[in-house]
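Participant: turn this into a model:
(one chain, ligands or ions: 1)
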Amino acid sequence: MKAIEIQDVRKRYRNLQALKGVSFSVERGEFFGLLGPNGAGKTTLISILAGLNRADSGQVRVHGHDVVGDYRLARRMLGVVPQELVFDPFFTVRETLRLQSGYFGLTRNDDWIDEIMANLDLTDKADANMRQLSGGMKRRVLVAQALVHRPPVIVLDEPTAGVDVELRQTLWKFISRLNREGHTIILTTHYLEEAEALCDRIAMLKFGEVVALDRTSSLLSQFAGLQLVLTLSAGRLPASLEPLRMPSNPGERAIRLRLSGYQVVEPILAACREAGCEIEDMEINKADLEDVFVQIMGREGRKPASGDPGAGEGADGQGKGDGGKRATDPAEPVNTTPSSLESPV
Ligand code: ATP
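Facilitator: A predicted model of the protein is given here:
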């Protein structure tokens with residue numbers, strides 16, 4: 001039995017088709033990443049999974065339990081850390097966690113609550129009132145709340161948005177431990193280096209559709225480990241090298257060439273020299289998940305029709321952390337085939 005099964009899920013908000021037939025499944029014990037630019041539909045999908053929102057059609061099951069027909073059991077299997085900081089200001093941290101345990105009928109849960117607090121560095125805040133906590137501390141409590149009933153599936157919706165390095169490290173250490181102990185983890189994040197380091201498999205959503213779904217290592221290898229980034233001050237790239245060319249980032253003058261290894265750098269430079277090219281700048285990059293993301297989003301991109309999520313807003317809400325590298329123009333030529341991940345050259 002799968003941890004999560006999502007079959008042809010559709011969701012419309014008035015004139016906005018937020019999910020357009022999303023299907024995928026997550027194996028038990030997987031660390032699964034759900035990535036996509038702002039407005040792609042990640043939170044909508046998670047809300048449907050958690051029973052907080054209803055799909056218009058399609059089926060979602062958690063450990064075999066339908067999230068509508070078998071709501072209670074499906075919900076018990078899940079621990080969801082929401083994106084927004086929601087908390088009750090009248091309780092202390094410990095009271096909040098006891099209350100949450102009560103929702104699941106767990107009256108003697110203090111040993112586990114103590115363990116969770118210790119693992120999230122919350123012990124010295126156990127008796128602090130929720131409203132006295134900093135934003136990062138409140139986020140730790142949200143994570144703790146999701147874990148009180150020891151759910152086999154843990155869903156984290158951007159858990160590290162705006163939190164400091166220390167919390168990230170603490171959180172990932174604990175979540176990785178839970179994953180090693182058999183818990184299934186589903187993570188949405190805009191920090192792609194986190195997804196690359198943690199996730200076994202990744203689904204990428206855009207405009208409510210799955211545009212890529214594969215093992216993290218396959219995604220990385222399909223988009224070449226190495227790139228030669230050349231900026232020419234004179235001449236044009238020789239035609240013989242065009243097959244190696246990869247999509248550039250928007251506004252980028254440099255040419256990106258896929259390298260099968262370091263040994264091909266010399267023949268490439270020789271071909272450029274013979275063609276009269278003058279090289280102004282050159283570097284060799286190792287492609288990371290952000291490069292993969294940018295390329296997939298660019299290639300799968302299209303101008304959203306009115307009613308599509310992302311219409312009227314930047315569809316490339318996710319780019320290189322420094323803001324310098326962004327998803328290619330969503331109005332670029334379309335490849336509408338979902339999950340088409342063939343070589344870009
Ligand atoms: P982000 O990365 O910004 O959190 P997301 O991938 O989680 O984005 P969703 O929050 O699922 O995206 O939103 C998908 C689309 O649906 C967006 O265009 C959003 O504006 C829209 N949307 C979400 N919730 C509602 C709602 N309750 N009513 C109307 N539109 C909504």
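
Participant: all strands for the stretch 101-250 of the chain, in order.
Facilitator: 153-157, 184-188, 201-206, 209-215, 226-234, 245-246 (DSSP state E, counting those that start in this stretch).

Participant: mind putting those into JSON lines with distance to Y13, mean neighbour count and mean pLDDT?
Facilitator: (C-beta placed from N, C-alpha, C; glycine too.) Listed next are the strands of the stretch 101-250 of the chain as JSON lines, based on distance: least, Cβ to Cβ, whole Å; neighbours: other Cβ atoms under 10 Å; pLDDT from 0 to 100:
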{"stretch": "strand 153-157", "distance to Y13": "18", "mean neighbour count": "23", "mean pLDDT": "95"}
{"stretch": "strand 184-188", "distance to Y13": "19", "mean neighbour count": "24", "mean pLDDT": "96"}
{"stretch": "strand 201-206", "distance to Y13": "16", "mean neighbour count": "25", "mean pLDDT": "96"}
{"stretch": "strand 209-215", "distance to Y13": "16", "mean neighbour count": "20", "mean pLDDT": "95"}
{"stretch": "strand 226-234", "distance to Y13": "39", "mean neighbour count": "16", "mean pLDDT": "91"}
{"stretch": "strand 245-246", "distance to Y13": "36", "mean neighbour count": "16", "mean pLDDT": "87"}
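
Participant: adding distance to the ligand, write the ones you listed out as a markdown table.
Facilitator: Output for the strands of the stretch 101-250 of the chain, formatted as a markdown table (distance: least, Cβ to the nearest ligand atom, whole Å):
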| stretch | distance to the ligand |
| --- | --- |
| strand 153-157 | 7 |
| strand 184-188 | 7 |
| strand 201-206 | 6 |
| strand 209-215 | 12 |
| strand 226-234 | 27 |
| strand 245-246 | 26 |
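
Participant: distance check, L45 against R75.
Facilitator: Using Cβ to Cβ, to the nearest Å, L45 is found at 16 Å from R75.

Participant: neighbour count: those two, which is higher?
Facilitator: L45 (30 against 21; other Cβ atoms under 10 Å).

Participant: show me where the stretch 1-150 of the chain has helices.
Facilitator: Ranges of helices in the stretch 1-150 of the chain, per DSSP state H, counting those that start in this stretch, are 42-49, 71-76, 93-103, 110-119, 135-147.
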